[in-house]
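In: Structure of the sequence below:
(chains A and B)
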Number of protein chains: 2
Amino acid sequence: MGYSIAVDAMGGDHAPEAPVEGALTALGAFDDLTVTLLGDTAVIEKVLEGKEYNRDRLHILHTTQVVENEERSPADAIRRKKDSSMAVAMRMVREKKADGMVSAGNTGALLAGATLLVGRIPGILRPALSIALPTGERPTLVLDVGANMDCKPAYLVQFAQMSSIYYRAQYGVDSPRVGLLNVGAEGGKGNALTKEVYPMLREETALNFAGNVEARDLFAGAVEIAVCDGFAGNILLKTVEGAAGFILSLMKETISQSVKGKIGGLMLKPDLRDMKHKLDPSSVGGTPLLGVDGAVIKAHGNSKAAAMANAIGQCRRFLQSGVNEDIQKNIEIH
Amino acid sequence: MGYSIAVDAMGGDHAPEAPVEGALTALGAFDDLTVTLLGDTAVIEKVLEGKEYNRDRLHILHTTQVVENEERSPADAIRRKKDSSMAVAMRMVREKKADGMVSAGNTGALLAGATLLVGRIPGILRPALSIALPTGERPTLVLDVGANMDCKPAYLVQFAQMSSIYYRAQYGVDSPRVGLLNVGAEGGKGNALTKEVYPMLREETALNFAGNVEARDLFAGAVEIAVCDGFAGNILLKTVEGAAGFILSLMKETISQSVKGKIGGLMLKPDLRDMKHKLDPSSVGGTPLLGVDGAVIKAHGNSKAAAMANAIGQCRRFLQSGVNEDIQKNIEIH
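Out: Residues are numbered from 1 along each chain as shown, chains lettered A, B, ... in the order given. This is a model prediction of the structure:
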């Protein structure tokens, strides 16, 4: 049995090259994979020109619209642009013409489309977007990071359940520790939401609930998963991005200010590049929209070909390991 | 006219040395300063032994209890330990026996005590704790970072008003830009709270409201002040701490893995130390509890003597510039 994945060839900072070339890499890596590239046929064929690939496993579906990164309202855009590469990919998943899809395009549009066009797994209250922080041997998964601004306690319980199933399938950890992102480690801490969620998570015996976790402890690998509402998660995600960029640029500045520093910096250059890569969220690959009735993988907006190939491979693994079937079977409705 | 400041000599990781020595440094720097050290007299006198100082401007007030860093309930501790160095300092401020106070002790206890023991400025709904992120030439002030977990929209408007007055007095910026910490730059973004606060801030003509600001843009100096609820602010603060520590340790590891890297690292060592200092929140000094009826300055828990001297100097500047008088005059009650 094979896996058919729709790839948005027009989404992301490096489209169409990155998604098209990433698809070729993924097709080379997996014999059981079929890819449909969605976008402007002429543009896609230009990237394919001169490259070797198996035409039986790579299809192109022409679309005439593109959801841009800078849409005023991403939710409107995905609704309005019915023939956009992203919307068509989503409809393919809904109509089971594709098993899954990958896009590096507009996150807001993808989130809106996931509910509007693909739909939720029965019993799931809200899909969630996760991010895999590259915090060590295994990444730390944080969710929700932007799909749900105001959350009810039951949403967070489902986020914990869905992500535990996903983490197990994706990273081979039998019983991943789930922390509740909070302002202190002790129980009873936090805002109205976390105070209400804490005892609910403690009652879920199928979860490996590790209690509250502070943002700084995520970087020490305190848990495999941290759950939170999409507002707090998004603040966390963008603080990591901002702080990492700031520190790396401060380092460059520091180095360039002294001769000794300059020489030292030159010697360190390959190591620093290596480090920057380790910190790059796109090195982890894509991140799934959990709770959607289909495999919808969001690749980082600045993904290059290798990251897109990773994300497509991740989508295949998501399908292969039956994450959604497990979620549907195990989810408890509160 | 002089300034009298109560210093908690038992609070913080480096007490009693850091607060006592910091007080001596501050007394040397400011002729118009009087300091009362609160704590165990014998312990304080041991640190003072052999040091020169003006006995007319340095007093010791003996206290028998200490609010520890690891109190189960900091709010209970400040209530229960009536003769703790922190509680007595707060009562001195309330009873106008001191103009202000500085402590590097338990933040939760200080926050609880500020309302319970010192009291609010009339008209202020909730005091807020701010943090000054060392983001460039001038720090970026973020508040609230932990005093108020669940905020009403009017609280955030007052945070913006109070911090604008404080920022002007502290950093000499006439009309500091205030951003609303949010998940996107456009209006209409965010959770229920930020959606409600946004138009309220826009109506405040006395504020230089710059709209929504994303966490990553704080590091590019997009605004001088970012307002948020204490839950989101605390997540931001601890993410910065965690990410900075993680990146610096990753750098050390990267450097130690190659000979070339080791040599380069050695050459860079003084520069990196310099950078670490720049990133250290305690290098900015203390941070005030805004809205409290007195100058209450929280120094970072790991403050050494120089940082404590900074925080005492900051308390004096807070008093000198009449921040609280300005807040009381200008605050609008919603």
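
In: what ranges do the helices span in the stretch 101-250 of chain A?
Out: A:107-113, A:153-171, A:192-203, A:215-218, A:230-256 (DSSP state H, counting those that start in this stretch).

In: quick check: mean pLDDT across the shortest one?
Out: Translated: helix A:215-218. Averaged across helix A:215-218, the pLDDT comes to 93.

In: contacting residues for the residue most central in space within chain A?
Out: The centre of chain A sits closest to A:Thr287, judged by Cα atoms, centre = their mean, with a distance of 1.8 Å. Contacts for A:Thr287 (Cβ atoms under 8 Å, 6 or more residues apart in numbering or on different chains) come out as A:Leu129, A:Ser130, A:Ile131, A:Ala132, A:Ile297, A:Lys298. For every residue, glycine as well, the C-beta is placed using N, CA and C.

In: filter these to the buried ones?
Out: Listed as buried from these are A:Leu129, A:Ser130, A:Ile131, A:Ala132, A:Ile297, A:Lys298; burial here means 16 or more other Cβ atoms under 10 Å in any protein chain shown.

In: ok, the second one touching A:Pro288?
Out: Right, the one you point to is A:Ser130. Yes - with contacts counted by Cβ atoms under 8 Å, A:Ser130 reaches A:Pro288, the gap being 6.8 Å.

In: what is in contact with the two at once?
Out: Common neighbours of A:Ser130 and A:Pro288 (Cβ under 8 Å, 6+ apart) are A:Tyr166.

In: need the helices of the stretch 101-250 of chain A in TSV with distance to chain B, can you?
Out: What follows is the helices of the stretch 101-250 of chain A, written out as TSV (distance: least, Cβ to the nearest Cβ, whole Å):
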stretch	distance to chain B
helix A:107-113	8
helix A:153-171	13
helix A:192-203	5
helix A:215-218	3
helix A:230-256	3
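
In: Please convert those to TSV, extending it with mean neighbour count.
Out: Output for the helices of the stretch 101-250 of chain A, formatted as TSV (neighbours: other Cβ atoms under 10 Å in any protein chain shown):
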stretch	mean neighbour count
helix A:107-113	25
helix A:153-171	23
helix A:192-203	18
helix A:215-218	22
helix A:230-256	22
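
In: Looks like A:Val178 contacts A:Glu224 (just checking).
Out: Yes - under the criterion of Cβ under 8 Å, A:Val178 makes contact with A:Glu224 at 7.4 Å.

In: Can you check which residues contact both of the two?
Out: Contact with both A:Val178 and A:Glu224 is made by no residue, according to Cβ under 8 Å, 6+ apart.

In: Would you map out the domains in chain A?
Out: A:1-124+A:291-321, A:128-283 (automatic domain parsing).

In: returning to that earlier point: can you put the buried ones among the contacts of A:Thr287 in JSON lines and add distance to chain B and pLDDT?
Out: Below are these laid out as JSON lines (distance: Cβ to the nearest Cβ, whole Å; pLDDT from 0 to 100):
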{"residue": "A:Leu129", "distance to chain B": "12", "pLDDT": "94"}
{"residue": "A:Ser130", "distance to chain B": "16", "pLDDT": "92"}
{"residue": "A:Ile131", "distance to chain B": "12", "pLDDT": "90"}
{"residue": "A:Ala132", "distance to chain B": "15", "pLDDT": "88"}
{"residue": "A:Ile297", "distance to chain B": "21", "pLDDT": "95"}
{"residue": "A:Lys298", "distance to chain B": "16", "pLDDT": "94"}
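
In: Would you check which pair of these lies furthest apart?
Out: A:Ile131 and A:Ile297 (12.5 Å; Cβ to Cβ).

In: Quick one: the buried ones among the contacts of A:Thr287 as TSV, columns for distance to A:Phe246 too.
Out: As requested, those are exported to TSV (distance: Cβ to Cβ, whole Å):
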residue	distance to A:Phe246
A:Leu129	24
A:Ser130	24
A:Ile131	19
A:Ala132	22
A:Ile297	29
A:Lys298	25
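
In: Which of these fall within strands?
Out: Members of these lying in strands (criterion: DSSP state E): A:Leu129, A:Ser130, A:Ile131, A:Ala132, A:Ile297, A:Lys298.

In: dump the residue contacts of the second one.
Out: In this structure, A:Ser130 makes contact with A:Leu141, A:Val142, A:Leu143, A:Asp144, A:Val145, A:Ser163, A:Tyr166, A:Thr287, A:Pro288, A:Leu290, judged by Cβ under 8 Å, 6+ apart.

In: Okay, now the sheet partners of the helix or strand hosting A:Leu289, with direction.
Out: Assessed by DSSP states H and E, A:Leu289 sits inside strand A:287-290. Taking DSSP bridges as the criterion, strand A:287-290 forms sheet pairs with strand A:128-133 (antiparallel), strand A:295-298 (antiparallel).

In: I'd like these as TSV, with distance to A:Val157 appended.
Out: Shown next, in TSV, are these (distance: least, Cβ to Cβ, whole Å):
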stretch	distance to A:Val157
strand A:128-133	12
strand A:295-298	22
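
In: Now for A:Ala147: which residues touch it?
Out: The contact partners of A:Ala147, taken as Cβ under 8 Å, 6+ apart, are A:Leu111, A:Ala114, A:Arg126, A:Pro127, A:Ala128, A:Leu129, A:Gly230, A:Leu289.

In: let's see 6 Å
Out: A:Leu111, A:Pro127, A:Ala128, A:Leu129, A:Gly230 (Cβ atoms under 6 Å, 6 or more residues apart in numbering or on different chains).

In: Surely the second one and A:Val292 touch.
Out: Going back to what we said before, that points to A:Pro127. Yes - contact between A:Pro127 and A:Val292 holds when scored by Cβ atoms under 6 Å: they sit 4.8 Å apart.

In: if I look at those two, which residues touch both of them?
Out: If you check A:Pro127 and A:Val292 against Cβ under 6 Å, 6+ apart, the residues they both contact are A:Ala114.

In: Now do the phi/psi pair for A:Ile124.
Out: phi -80, psi 130 (degrees, to the nearest 10).

In: follow-up on the earlier one: quick check: of the contacts of A:Thr287, which lies closest to B:Gln320?
Out: Of these, the one sitting nearest to B:Gln320 (Cβ to Cβ) turns out to be A:Ile131, at 45.6 Å.

In: For chain A, which segments count as strands?
Out: Using DSSP E, strands in chain A cover A:3-8, A:33-39, A:58-62, A:100-103, A:128-133, A:140-143, A:177-181, A:208-213, A:225-227, A:287-290, A:295-298.

In: Tell me which strands the fourth one pairs with, and in which orientation.
Out: Read that as strand A:100-103. strand A:3-8 (parallel), strand A:295-298 (parallel).

In: Please apply the same query to the second one.
Out: The pairing partners recorded for strand A:33-39 under DSSP bridges are strand A:3-8 (parallel), strand A:58-62 (parallel).

In: what's the pLDDT at A:Glu70?
Out: A:Glu70 carries a pLDDT value of 86.

In: Which residues of the stretch 1-150 of chain A lie near chain B?
Out: Residues of the stretch 1-150 of chain A lying close to chain B by Cβ under 6 Å from any Cβ of the partner chain are A:Met149, A:Asp150.

In: where are the low-confidence patches of the stretch 1-150 of chain A?
Out: Across the stretch 1-150 of chain A, the ranges flagged by pLDDT under 70 are A:1.

In: Any idea which residue of it lies closest to chain B?
Out: Nearest residue of the stretch 1-150 of chain A to chain B (Cβ to the nearest Cβ) works out as A:Met149 at 4.0 Å.

In: That residue: neighbour count?
Out: By other Cβ atoms under 10 Å in any protein chain shown, the residues close to A:Met149 number 20.

In: Quick check on A:Tyr229: phi, psi?
Out: Rather than Tyr, residue A:229 is Asp. According to degrees, to the nearest 10, A:Asp229 has phi -80, psi 160.

In: my read: it touches A:Cys151, true?
Out: Yes - counting by Cβ under 6 Å, A:Cys151 is a contact partner of A:Asp229 at 3.9 Å.

In: Same drill for those two, tell me which one is more crowded.
Out: A:Asp229 (29 against 25).
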